[in-house]
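Asks: Task: produce atomic coordinates for the following.
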Amino acid sequence: MSLFLSLVMVALATAPACGKQDSPEDTGNAQDLTIAAKGQSSFTVRIQQNLFSNATAFLGDIQKETGVELKTVSALSPAKEDSDEILIGNMTSYKIIIDAAKKDLRHGYIIKAVGQKILIVGTDDAWTVLGMEYFTGRIMASTIYCDNGTFKIPRDFSYVEDGDDPQLIARLLKQGRKFDLIPEWVGACPRRDALRVAQGAASDGKYVYFSMKGNEDSTTHDSEVVVFQYTLSPFKYVGESAMFNGHHANDMTYDTKGKRVLVNHGSGASSTLTAIPTDPTIGEPVLVKTAIGIGGITYNAKRDMYGITQGGTKYVTADASFKLKDNFGRTDNMKETYTAQGMGSDDSYVYFPMSPGSNSPEKVNLLVTYDWEGNYVGNLKIPKNTESESMFYAAGEYYVNFYESAAVLYRVYPDLVYQPQR
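Replies: Predicted coordinates for the structure are as follows:
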C-alpha cells in the first residue's frame, strides 16, 4: 500500500488527552485560532447536510474535553466570511475554499485552517467522517493543541491523509467497524444488437472492461460474447473485442501480471476461460483451459493468485498457472436466500456479490466477505434490489457492476458513522 501522509504540524500519535480546567494563562496569540477557552467559544459548526446525524457525537467529544457546547448552523445557510466556523464536508456556501483545499486529494481527507475557518473534508463522506474522528481523537487529544480547557490550533495548520491505494473497506473491516455500502453511479455500457445481458466487469486501474452476452431467450445468440473497454475516469468508450463463444460469461477479472482480461465461461464450459490481451490495445480472444470449475473469479497481484467460486458454495484459491492451492468451501449459507454472482478482492479480503431473490429477507445486494485464509468475515449490504454481477477494486476504489438493462457500474464506499473518541 502506498500511503502519503502530509503532516505540517508535529505527529500526534501518543499525545495524551487535554484537561478540562479553566486556565488564567494566555490563551494564544494572533497566530492561533482559539476554538475554546475558559468555557467560551466564538466557533460554530457547519456540517454537510447528509452527515448531520454525526454532529451530536462529534460536538459531544469537544464538549467533554473543553466544557464548551458548540452550536451548529445549517449547511444551506449563506456564507459568513468573517465568522469563526468549523466546516465539515462539502457545502455550496463555501464551495470555492473547500474545493481548493481538497483539489489534490486522491483518496483521503484534509484538516486545514483557512482564514477564520477550520475545514474537515474528505474525498467522500466516509473519509470526511474519518477526518472528524482524527480531529477529536488525535488533534484535540494532544496537549500541544488542547490543554487546561483551551483548544487552539495555528492559523497555518494543515493535516492530510491521502493515498493512491488505501483499500478502505479492508482497513475498516480489520478495525471491526460495522457499515453498509453506498452506491454511486459511474457509467453504463449499453446493450448493442443481440448483446443484451450484462455479465462480468474488471479493471486494470485505467480501463474498465465489461462482458456483454447474447439474450438468454435466444439459442442463436446465447453464447455470443463481446468485451467492451472504457476509461474508468472519466468514463468513456474506448473499444471492444472480437465476438467469441463465451458461453454464459459468468464473471471476469484482470490479470495485471499477464496484462489480460480473463472471462470465465461458467455454465456450459466451467473450466474454460477466454483471455483477451490488453497491451497496448484490446487483442484477439484466446482460450485458456483449467482443471477447476469456475463460476466467479478474482486475481490479486500482490499475492499473484486467484480466488475462485462456483454456485455460492465453493471458495478455492489457485496459483498463477491455475494450480489448486486451498479448498476452503463456504460457510455463510447465503445461497439459500440470495443468488450467487461473481467475485472480487483486495489484498486482504475476497468479496462475493449476491443479489436478492424472491425469498430474500431484505431486497438488498450483499458483498459476502471472506479473508484469503478462508475465514468468513460477514456481509456488507448495498441498498439496491437490482441484480449485481461482479465487483472489483481498482485505482483506490471499490466497484460493483449491475445488470440494469445495461451493464451499469457503481462505485461503492462505506456508509460510516462517527465513533465517539472521548
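Asks: now this structure, which segments are flagged as low pLDDT?
Replies: Within the chain, the segments meeting pLDDT under 70 span 1-30, 216-222.
Asks: how about the helices in it?
Replies: Remark: helices assigned in the chain by DSSP state H are 55-66, 95-102, 125-134, 168-174.
Asks: out of the ones you listed, which comes closest to Phe210?
Replies: Ranking those by proximity to Phe210 (CB to CB) places helix 168-174 first, at 22.2 Å. C-betas here are computed from N, CA, C, even on glycine.
Asks: which parts of that closest one are buried?
Replies: By 16 or more other CB atoms under 10 Å, the buried positions in helix 168-174 come out as 168-170, 172-173.
Asks: One more: stretch 414-422?
Replies: Neighbour counts using 16+ other CB under 10 Å place 414-416, 418-419, 421 of stretch 414-422 among the buried residues.
Asks: same thing with stretch 189-203?
Replies: Buried-residue list, stretch 189-203, by 16+ other CB under 10 Å: 189, 194-203.
Asks: ok, back up a step: looking at the helices of the chain, which is nearest to Leu119?
Replies: Leu119 lies closest to helix 95-102 among the helices of the chain, at 5.2 Å (CB to CB).
Asks: Now do that closest one: everything it contacts.
Replies: For helix 95-102, the external contacting residues (CB atoms under 8 Å, 6 or more residues apart in numbering) are 87, 90-91, 109-110, 112, 114-115, 117, 119, 121-123.
Asks: Out of those residues, which end up buried?
Replies: Buried, going by 16+ other CB under 10 Å: 87, 90-91, 109-110, 112, 114, 117, 119, 121-123, out of the contacts of helix 95-102.
Asks: Tell me which stretches of the stretch 151-300 of the chain form strands.
Replies: For the stretch 151-300 of the chain, the strands defined by DSSP state E, counting those that start in this stretch occupy 158-163, 180-189, 195-203, 207-214, 224-231, 236-240, 244-245, 251-255, 260-264, 272-277, 286-289, 296-300.
Asks: is it possible to export those to a markdown table including distance to Asn375?
Replies: Listed next are the strands of the stretch 151-300 of the chain as a markdown table, based on distance: least, CB to CB, whole Å:
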| stretch | distance to Asn375 |
| --- | --- |
| strand 158-163 | 26 |
| strand 180-189 | 20 |
| strand 195-203 | 25 |
| strand 207-214 | 30 |
| strand 224-231 | 33 |
| strand 236-240 | 39 |
| strand 244-245 | 37 |
| strand 251-255 | 22 |
| strand 260-264 | 24 |
| strand 272-277 | 27 |
| strand 286-289 | 29 |
| strand 296-300 | 16 |
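Asks: Which of those sits closest to Ser348?
Replies: The minimum distance between Ser348 and the strands of the stretch 151-300 of the chain falls on strand 296-300, with 9.5 Å, by CB to CB.
Asks: Output the contacting helices and strands for the closest one.
Replies: Helices and strands touching strand 296-300, by 3 or more CB pairs under 8 Å, 6 or more residues apart in numbering; DSSP states H and E, are strand 251-255, strand 260-264, strand 305-310, strand 344-345.
Asks: and if we set it to 7 Å?
Replies: Applying 3 or more CB pairs under 7 Å, 6 or more residues apart in numbering; DSSP states H and E, we find strand 296-300 packed against strand 251-255, strand 305-310, strand 344-345.
Asks: Adding mean neighbour count and distance to Ser83, write those out as TSV.
Replies: Shown next, in TSV, are the helices and strands packed on strand 296-300 (neighbours: other CB atoms under 10 Å; distance: least, CB to CB, whole Å):
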stretch	mean neighbour count	distance to Ser83
strand 251-255	28	49
strand 305-310	24	53
strand 344-345	28	46
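Asks: Among those, which comes closest to Ser77?
Replies: With CB to CB as the measure, strand 344-345 is the member of the helices and strands packed on strand 296-300 nearest Ser77 (41.8 Å).
Asks: Can you pull out the residues in contact with that closest one?
Replies: The contact list for strand 344-345, computed with CB atoms under 7 Å, 6 or more residues apart in numbering, reads 298, 300, 307, 351, 390-393.
Asks: That one pairs with which strands?
Replies: strand 349-356 (antiparallel) (DSSP bridges).
Asks: from the middle of its chain, how far away would the partner strand be?
Replies: The chain centroid and the centroid of strand 349-356 are separated by 15 Å, computed with CA atoms, centre = their mean, to the nearest Å.
Asks: export it as CSV, just CAs?
Replies: Only the C-alpha atoms of strand 349-356 are listed here, as CSV (Å, rounded to 0.1, in the frame of the first residue of the first chain):
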residue,chain,number,x,y,z
TYR,A,349,-10.3,-10.0,1.6
VAL,A,350,-12.4,-11.6,-1.2
TYR,A,351,-16.0,-10.4,-1.8
PHE,A,352,-18.8,-12.4,-3.3
PRO,A,353,-21.6,-10.2,-4.7
MET,A,354,-25.0,-11.8,-4.2
SER,A,355,-28.3,-10.4,-5.4
PRO,A,356,-31.7,-10.7,-3.8
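Asks: and the angle from that strand to strand 305-310?
Replies: Between strand 349-356 and strand 305-310, the angle comes out at 20 degrees (axes from the mean of the first three to the mean of the last three CA atoms, to 10 degrees).
Asks: The chain should start at 48 in everything you say after this.
Replies: Will do, 48 is the new start, and the previous item becomes strand 396-403.
Asks: do you know how far the residue nearest to Pro467 when sequence neighbours are not counted is from Tyr465?
Replies: Among residues not flanking Pro467 along the chain, Ala104 sits closest, at 4.9 Å (CB to CB, 6 or more residues apart in numbering). Separation of Ala104 from Tyr465 (CB to CB, to the nearest Å): 5 Å.
Asks: Over to Phe291?
Replies: 49 Å.
Asks: Same check on Asp227?
Replies: With CB to CB as the criterion, Asp227 and Tyr465 are 15 Å apart.
Asks: try Phe257
Replies: In terms of CB to CB, Phe257 sits 36 Å off from Tyr465.
Asks: next one: Tyr353
Replies: Counting by CB to CB, the gap from Tyr353 to Tyr465 is 38 Å.
Asks: If anything else comes up later, I'll come back, but that's it for now.
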